[in-house]
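give me a 3D structure for the following:
(one chain, ligands or ions: 1)
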Amino acid sequence: MAKTIFEKIVAGEIPARVVHETDAVLAFLDANPLAPGHTLVIPKDAHERLDGLPADLAADLFAVVHALTPKIERAVDADATTIGINNGAAAGQEVPHVHVHIVPRFEGDGGGPIHAISPASPSLSADELDEIADTISTA
Ligand code: 5GP
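Model (predicted):
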């Protein structure tokens, strides 16, 4: 299968502004930033979606997100960050290689919260919520 753009970055075949690297994880600036300091954190191994990651790699990935977020905020003097994953094409994922977006946020920047992804929140009954919770917890 053809390499994704992120595999090419990991392989050093195309350049990136790398801000952090471990044996398993790479972090670099997004080429089309939503804000100054917008950073992508990826596992070096190619996995399309979060559920494809081995648990130890998922932990490594989040450890880098955890360590890097305050450094990014300080670097660009941000007031906050929005952190998220477009996990699958239906969620807007364009590069099929797991990546965590760390987007610096600023008071009055005009952006919305993660809740803005849903134009209309579904109205769910208590029974429906119970059933969903049951299904998840017993999966
Ligand atoms: P997605 O929509 O898949 O969650 O996000 C993919 C992100 O990768 C986008 O924010 C896009 O700007 C970024 N991106 C795409 N190609 C490149 C590239 O070649 N280099 C870098 N640094 N970022 C890229």
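
show me what from the protein comes close to the ligand.
Residues of the chain lying near the ligand by C-beta under 6 Å from any ligand atom: 5, 16, 28-32, 40, 86, 92-95. Every residue, glycine included, has its C-beta placed from N, CA and C.

closest to Gly110 among these?
Proximity to Gly110 was ranked across the residues of the chain next to the ligand by C-beta to C-beta; first place goes to Asn32, at 17.7 Å.

picking that back up, between which two of the residues of the chain next to the ligand is the distance greatest?
Among the residues of the chain next to the ligand, the pair separated by the greatest distance (C-beta to C-beta) is Ala16 and Gly92, at 21.1 Å.

for Ala55, give me the pLDDT.
At Ala55 the predicted local distance difference test score is 97.

so how far is Phe62 from it?
According to C-beta to C-beta, to the nearest Å, Ala55 stands 11 Å off from Phe62.

more neighbours, the two?
Taking other C-beta atoms under 10 Å, Ala55 and Phe62 do not tie; Phe62 has more neighbours (14 against 7).

now the spatially most central residue of the chain: how far from Ala27?
By C-alpha atoms, centre = their mean, the chain has its centre lying nearest to Val100, at 1.8 Å. Counting by C-beta to C-beta, the separation of Val100 from Ala27 is 9 Å.

can you show me the strands along the chain?
Chain-ordered strands for the chain, with DSSP state E as the definition, fall at 18-21, 25-29, 39-43, 80-84, 100-105.

list the strands paired with the longest one, with their directions.
Partners of strand 100-105 in the sheet, by DSSP bridges, are strand 39-43 (antiparallel), strand 80-84 (antiparallel).

who's in contact with Asp134?
Asp134 makes no contacts at all, as judged by C-beta atoms under 8 Å, 6 or more residues apart in numbering.

from Val41, how far off is it?
33 Å.

Leu124 - nearest residue in space that isn't next to it in sequence?
Once flanking residues are discounted, Leu124 sits nearest to Ile132: 7.6 Å by C-beta to C-beta, 6 or more residues apart in numbering.
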